[in-house]
Structure formats: structure tokens, C-alpha cells
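Trainee: okay, here's the prediction I keep looking at, along with the sequence it came from:
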Amino acid sequence: MSCHDIGRGMNDVVRRVISLYDSDRIGLEEAKTIIATCAGAVNWCDGNEAEALDYIEGCRCGKCLRMVPKDDKLYGLGQLYNVLNYEQFMAKHQTIFGLRVCSECFDSIIDAEDKIPASGAELRKSIEDRMSNTPEYFLSTGTHAATNNGCRW
Ligand SMILES: [Zn+2]
């Protein structure tokens, strides 16, 4: 049975990091480094990385950290597991593992990869077609999570 408390604790740190980033008190790379560290830190206990990212998972791009407006698109990169060394790929493109990316970042990532035989736009269309019955998988909530993994802040 996994521990949910460490995920909630790290998610609270992520929330503070986003607040500092949005008020220009820390830069993009610093914010991404701390957020990625929070996700990995849940492994000091039997935690879940997704719980550490709960505050921003629905609405922020994992590469540029932009708040994506409600119902604009966010695309997962998980489908590329079979194409590339996924961890190297995420590091190369400075994308936080576990977060989806905005359309612009998705296209810039895909179009920079020679080993992917499709354009970013083609892959985005295929994701939308494949997930047309579950559009929440590629739509932004446009807002941060109102709770910490279901618990009051
Ligand atoms: Zn982006």
C-alpha cells in the first residue's frame, strides 16, 4: 500500500514553487528543477509521482510551465515510449516527466526528433482521434487543482 502523505507534501511544495515562479521570484529552469525533484522525492517513501504534480497536472505545460487556458490542448508524450529512450528524451527536451505539454512545445519537441516519422501536428491529430471519447486526457482544466489530492489545502 502506497503512502499518499509524501505526495501531498511534495504537491504543497510544487504549489509554492509555482507561486514563486508566477511572481518572477524564481526562473523557469529553477522552477522545473524543483518540481521534477518533488516528483522524484516521493520515492523516498512509497509515494506516487503523479500526486506530487497534482496541483499543476491538469493545466500547466511540462516544458514551458505556461498555464494553458481551459479546453486548450495539453498532450502526453507517453506514446513515444516505444520510439526512443524515454528518460533521455525527456531530459533532452527539458520536460518534466509526468506532465503533458502545450501544442507549441509538443510540435517543437516532435519536429526536432529525426527518429519520429510524423510531424507534431500529425501526432497531435492522432492523439485527439484516438482519445475522442476521453477528451479530458488532452484538454486543460485551465485552473490549478482546488484540493491537494482530494484533501483541503
Ligand atoms: Zn509549453
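Mentor: Received the coordinates, thanks.
Trainee: leaving out the residues flanking it, which one is nearest to I34?
Mentor: Closest residue in space to I34, ignoring its immediate chain neighbours: V17 at 4.9 Å, by C-beta to C-beta, 6 or more residues apart in numbering. For glycine as for every other residue, the C-beta is placed from the backbone atoms N, C-alpha and C.
Trainee: how about the contacts made by that neighbour?
Mentor: Counting by C-beta atoms under 8 Å, 6 or more residues apart in numbering, V17 touches I26, A31, I34, I35, C38.
Trainee: now, those that are in helices?
Mentor: A31, I34, I35, C38 (DSSP state H).
Trainee: residues in contact with the first one?
Mentor: It refers to A31. A31 sits next to V17, I18, L20, Y21, L65 when contact means C-beta under 8 Å, 6+ apart.
Trainee: how many neighbours does the fourth one have?
Mentor: Read that as Y21. Using other C-beta atoms under 10 Å, Y21 has 19 other residues around it.
Trainee: pull the most distant pair out of the contacts of A31.
Mentor: Greatest spacing in the contacts of A31, by C-beta to C-beta: L20 and L65 (11.6 Å).
Trainee: and the two? Which one has more around it.
Mentor: L65 (21 against 14).
Trainee: show the contacting residues for that one.
Mentor: I18, Y21, L28, A31, K32, I56.
Trainee: just the buried members of the ones in helices among the contacts of V17?
Mentor: Buried subset of those (neighbour count, 16 or more other C-beta atoms under 10 Å): A31, I34, I35, C38.
Trainee: I'd like these laid out as CSV, including pLDDT and distance to S108.
Mentor: What follows is those, written out as CSV (pLDDT from 0 to 100; distance: C-beta to C-beta, whole Å):
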residue, pLDDT, distance to S108
A31, 98, 19
I34, 98, 23
I35, 97, 20
C38, 97, 25
